[in-house]
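Q: structure for the following, please:
(2 chains)
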Amino acid sequence: MEKHEILNQLTGIFKNIFENDAVILQMDTTANDVDGWDSLTHTSMIVEVEKHFRVKFKLKEVLGFKNVGDMVNMIHSKLASA
Amino acid sequence: MVFHSFSFLVFFSAFALVYFWMKGKVQLWWLLTGSVVFCAFYSLKGLGILAALIIFNYFSGILIEKTTRKNLALLLSCLVNLGALFIFKYYNFFNLEFSALLASLNIQNPLPALHLLVPVGLSYFILQAIGYNVDIQREMETAEKNFVVFATYFLYFPKLIQGPVDRPRNLLPRLNENRPFEYTRVVSGLRLIAWGLIKKLVIADRLSIFVSQVYDHTGHYSGTILLLAGLFYMVQLYADFSGYMDIALGVSQILGIEMMQNFNRPFAATSVTDFWKRWHISLSTWLYEYVYNPVSLQWRNLGNWGMVFAIFMTFFLSGLWHGVGWTFMTWGLINGLAMGYELRTAKWRKTFFKKMSPATAKYLTTGITFIFTLLSFTFVRANTVREGWYVLTHLFDTTKSVSVYSLGLDPVNFLLACAGVLLLLFLQFYQPKVSFNQAIASKPALVRWSIYGLTALIILNLGILGGKGFIYAQF
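A: Prediction:
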């Protein structure tokens, strides 16, 4: 799967999790840019992303995500090596 | 040497004069020297223990960075740091509880009581040390190789006793910069100090007289007085801690080192979760980064329950960190329960409040959070859990009648205390477009200096002077 497709699918997940249809994700989007993306919803979002793409992140990988781009790259590399 | 004392005024004036005369590395050395002297004022032994921990963490950071067995190195480093915290802060409490348990079984406790002085700022120091080592293990940061910069970060006197728990990644780079004298920055720092002094000396210390009187004899008073003391305590704690923090931020601003804000109008919070994003922010974000986030992610397969567990654990540790005793643990657990409830019912509550107008929902949620905070702080102030429970169960007691003016504050001082409470509560909800500091800076010189004069008069005439400590130092 291409990175832009991953980003599109992530946008759908974010809209659903944060109940906000106005969410537009870019590679440099961070938690500060999305309403409702906070400490409590972060874990739920990770669970949904793992379920959707059928991947499993290591704890260290999740803690290293600085923006949406880091997540997209990680999903991309996991899907490529699956 | 508390910030609002004459000795600190002399120390800081002399320190700052030399500081701005110096440049580059010499200025950094002077900053470390000043911090060592400040720490030594409290206790030479405490300084020695902090110095040993600084040396240990300096090498542990480098080891974690270089070794391939990062997890093991981090574990050892955390064990040493938490071990030091346990021995100095918690050992005697748990030893006493253990003795009581063994005594009920007619067994004598073989463990001795330790008579150790807790090094000043140890709790804050340990949080920063653990955060530093974890960041290196996560490969988010590199180990600081310059020992003078490293030691200054840990001993930096404006944050040593009360925080903020500023992350090394925020503060370390600033210590390496040159910091010349800048008039506007220094004056802005002085204005912040003045506002902090008003909050601490005029409001918090005045409220504390009433609160202490009531909480030392809770059984003597009616529900109305207990409730008023609860409200006064909540505002006292805020004024005391945020006031002292303003002084610390102001002092640091004068020196050219911006530290993170620790408060953001906490009583305007619309939920307990929101409250903890606004109160003691540096601690809340630390707990989120190093406790809640890894635990909730590790247990994410359990769904919401994994997060509830993580919240519970975070607040239990928060309560334990705040103080040695069951009252703090109870307070931590109550907050953990409330946040767990908010997490489990998030969708239901959202639907429920959507049925109202946004303004009504905001007033209602703010009101509920305010009352919850007020009641939960009872356990922070009460001497025992039983006493806290007594207060909560006697809020509607009307069998006793005592005049509010007989509780340490005469009518004038009682009115001043009430005015202070109203002012601080008003400022929680009133959001000016520019800060008061900026607003004053933009006024003509005559107006500015009149405000400064009036402020000095208020502090000197209405402040409770006498070098009383501040509440958060005990944590």
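Q: which residue is the nearest non-sequential neighbour of residue B:150?
A: Among residues not flanking residue B:150 along the chain, residue B:144 sits closest, at 4.4 Å (C-beta to C-beta, 6 or more residues apart in numbering or on different chains). Just so you know, the C-beta spots here come from the backbone N, C-alpha and C atoms, and that holds for glycine as well.
Q: three-state assignment of the one you found?
A: In three-state terms, and counting by DSSP: H, G, I helix; E, B strand; the rest coil, residue B:144 is coil.
Q: wait, it touches residue B:59, no?
A: No: when contacts are counted by C-beta atoms under 8 Å, residue B:144 is not listed as touching residue B:59 (11.4 Å).
Q: re earlier: OK, contacts around the residue nearest to residue B:150?
A: Residues near residue B:144 by C-beta atoms under 8 Å, 6 or more residues apart in numbering or on different chains: B:58, B:61, B:150, B:153, B:168, B:172.
Q: neighbour-wise, give me the winner out of those residues.
A: In terms of neighbours by other C-beta atoms under 10 Å in any protein chain shown, these top out with residue B:61 at 25 neighbours.
Q: picking up where we left off before, so which of the contacts of residue B:144 are in helices?
A: B:58, B:61, B:150, B:153, B:168, B:172 (DSSP state H).
Q: turn those residues into CSV, including distance to residue A:5 and pLDDT.
A: Output for the ones in helices among the contacts of residue B:144, formatted as CSV (distance: C-beta to C-beta, whole Å; pLDDT from 0 to 100):
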residue, distance to residue A:5, pLDDT
B:58, 47, 97
B:61, 41, 96
B:150, 46, 95
B:153, 44, 95
B:168, 39, 87
B:172, 40, 88
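Q: and residue B:139, how many residues sit next to it?
A: The tally of other residues near residue B:139 (other C-beta under 10 Å) stands at 12.
Q: residues contacting it?
A: residue A:64.
Q: how about low-confidence regions in chain B?
A: Low-confidence segments of chain B (pLDDT under 70): B:466-475.
Q: what parts of it come near chain A?
A: With the criterion set to C-beta under 8 Å from any C-beta of the partner chain, chain B comes near chain A through B:138-140, B:273, B:277, B:288, B:292-294, B:296-298, B:300-301, B:303-304, B:306-307, B:310, B:343, B:346, B:350.
Q: ok, of the residues you listed, which come out buried?
A: With burial judged by 16 or more other C-beta atoms under 10 Å in any protein chain shown, the buried subset of the residues of chain B next to chain A is B:138, B:273, B:277, B:288, B:292-294, B:296-297, B:300, B:304, B:306-307, B:310, B:343, B:346.
Q: wait, which of those is closest to residue B:416?
A: The shortest approach to residue B:416 among these belongs to residue B:277, at 31.7 Å (C-beta to C-beta).
Q: isn't the closest one right up against residue B:287?
A: No: in this structure, residue B:277 is not within contact of residue B:287 by C-beta under 8 Å, at 11.5 Å.
Q: give me the phi and psi angles of residue B:4.
A: Main-chain torsions, residue B:4, degrees, to the nearest 10: phi -90, psi 40.
Q: list the residues that contact it.
A: B:197, B:200-201, B:244, B:247, B:467.
Q: buried residues, the lowest-mean-pLDDT helix or strand in chain A. List them.
A: Ranking every helix and strand in chain A by mean pLDDT, DSSP states H and E puts helix A:59-63 at the bottom, with a mean of 86. Within helix A:59-63, the residues scored as buried using 16+ other C-beta under 10 Å are A:61-62.
Q: low-confidence regions, chain A specifically.
A: If you take pLDDT under 70 as the line, chain A has no such spans.
Q: ok, now with 90
A: For chain A, the stretches flagged by pLDDT under 90 are A:1-2, A:16-23, A:31-44, A:58-66, A:81-82.
Q: get me the contact residues on it for chain B.
A: Within reach of chain B by C-beta under 8 Å from any C-beta, chain A has these residues: A:19, A:38-40, A:42-44, A:46-47, A:59-60, A:62-64.
Q: for residue B:403, grab the count of nearby residues.
A: 9.
Q: and it, how far from chain A?
A: Counting by C-beta to the nearest C-beta, to the nearest Å, the gap from residue B:403 to chain A is 46 Å.
Q: before we move on, back to that, out of the contacts of residue B:4, which one sits closest to residue B:157?
A: So of the contacts of residue B:4, ranked by how close each gets to residue B:157 (C-beta to C-beta), first place is residue B:247, at 12.0 Å.
Q: what are the boundaries of the helices in chain A?
A: Using DSSP H, helices in chain A cover A:3-17, A:39-53, A:59-63, A:68-81.
Q: so which of these gets nearest residue B:78?
A: Closest among the helices of chain A, once you apply C-beta to C-beta, is helix A:59-63, at 16.0 Å.
Q: alpha carbons only: can I get the closest one in PDB?
A: Taking Å, rounded to 0.1, in the frame of the first residue of the first chain, the C-alpha atoms of helix A:59-63 are listed here in PDB:
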ATOM      1  CA  LEU A  59       5.800   0.000  22.600                       C
ATOM      2  CA  LYS A  60       9.000   1.800  21.700                       C
ATOM      3  CA  GLU A  61       7.700   2.400  18.100                       C
ATOM      4  CA  VAL A  62       4.500   4.000  19.400                       C
ATOM      5  CA  LEU A  63       6.400   6.200  21.900                       C
END
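Q: that helix - contacts with which helices or strands?
A: Of the remaining helices and strands, those touching helix A:59-63 by 3 or more C-beta pairs under 8 Å, 6 or more residues apart in numbering or on different chains; DSSP states H and E are helix B:293-298.
Q: what's in contact with the helix or strand that comes right after the helix it packs on?
A: Counting by DSSP states H and E, the next helix or strand C-terminal to helix B:293-298 is helix B:304-322. For helix B:304-322, the external contacting residues (C-beta under 8 Å, 6+ apart) are A:40, A:43-44, B:90, B:123, B:127, B:283, B:287-288, B:291-292, B:295-296, B:298-300, B:302, B:328-333, B:335-337, B:339-340, B:343-344, B:380, B:475.
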